[in-house]
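Q: Sequence and predicted structure are below.
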Amino acid sequence: MMNQFNEITNLAIKSAIEAGKILEEGFGTNFQIYSKEGRNNLVTEFDKKSENYIIDSILKIFPNHSILAEESGKSKSFNSDEILWVIDPLDGTVNFAHNLPIFSVSIAAVKNNEIISCIIYHPILKELFVAEKNNGSYLNNKKIQVSKSNNLESSFLVTGFPYDLEIQNSNYLDIFKNFVSMGIPVRRLGSAALDLAYVANGRFDGFWELNLKPWDVAAGILIVQEAGGTVTQFDGTTSGIYDNSILATNNHLHKSILKEINSIWISK
């Protein structure tokens, strides 16, 4: 599988699979759980073990590259023409901590402020999503595409909620209520990276969320785009890894979902 990808992507693949083994070994065992800032914002010892492995693997091959990772932050200052690795060693920590097997490893490489390569790996299901700029998106070596659904009422959507929702935006939940009241099934998996990957391969028709971090979305943005989908902010402008809101869809439904969101959304 790896022969069709470049050196950066192949390194991300190797690192993610090995980090996934670390998570598998820890899943369902007794491990330490810590609370970060905010209620229910958790981190486990396996977040840290996974992240340390990924960072060490990258810097061993590319010692001059920069790192932006969930648990250790930014490794150093960097220029936009350098490679910045954006890493979530365990996306879905709350699920992991409660023995729910919905979590992932997410790694993206960014150059000149553009995502050029990425992977999302679900270690329990052994599902490896890979994308390179202008080279398509793949699941376990098979090219994937977004769904063809163009009817909002029969769509299948997924979302997530910030842990500090009560102080962020009082009407954010109204967006969720609006879609549900239309009879549209909406899921909340607890891993934004997987939400985006599942839009890319057509399991979901759309995903929206607020206040995500770069490591939550960097890989997923490119995977959706390379699978033919559209990713924007709630205001319709192109979404980047540092933006506050994200809507990812199969493209066909983007305008209609955006319209529903903005019929309710009040930015604060």
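A: Cool, got the structure.
Q: Do me a favour and get the end-to-end distance for stretch 130-139?
A: 6 Å (CA to CA, to the nearest Å).
Q: Now do the buried residues in it.
A: Buried residues in stretch 130-139, counted by 16 or more other CB atoms under 10 Å: Val130, Ala131, Glu132, Asn135, Gly136, Ser137, Tyr138, Leu139. Placement of C-beta: from N, CA and C, glycine included.
Q: for the residue lying closest to Asn150 once chain neighbours are set aside, what are its contacts?
A: Nearest residue to Asn150, sequence neighbours excluded (CB to CB, 6 or more residues apart in numbering): His252, at 4.1 Å. Residues in contact with His252 (CB atoms under 8 Å, 6 or more residues apart in numbering) are Ser147, Lys148, Ser149, Asn150.
Q: any idea which of the residues you listed has the most stuff around it?
A: Scoring those on neighbours with other CB atoms under 10 Å, the highest-scoring entry is Ser147 at 23 neighbours.
Q: any idea which helix or strand carries it?
A: Ser147 belongs to no helix or strand when assigned by DSSP states H and E.
Q: I'd assumed Asp205 was in contact with it.
A: Yes - here Ser147 lies in contact with Asp205, judged by CB atoms under 8 Å, at a distance of 5.2 Å.
Q: so what's in contact with the two at the same time?
A: Counting by CB under 8 Å, 6+ apart, the residues touching both Ser147 and Asp205 are Asn250.
Q: can you give me the helices for the stretch 1-150 of the chain?
A: 7-26, 45-61, 93-97 (DSSP state H, counting those that start in this stretch).
Q: quick one, strands of the stretch 51-200 of the chain?
A: Assigned strands in the stretch 51-200 of the chain, in chain order: 66-69, 73-74, 84-91, 104-111, 114-122, 127-132, 137-139, 142-143, 157-159, 186-187 (criterion: DSSP state E, counting those that start in this stretch).
Q: coming back round to it: need the helices of the stretch 1-150 of the chain in TSV (columns: mean neighbour count, mean pLDDT and distance to Ile116).
A: Conversion of the helices of the stretch 1-150 of the chain to TSV gives the following (neighbours: other CB atoms under 10 Å; pLDDT from 0 to 100; distance: least, CB to CB, whole Å):
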stretch	mean neighbour count	mean pLDDT	distance to Ile116
helix 7-26	19	96	7
helix 45-61	19	93	14
helix 93-97	22	91	27
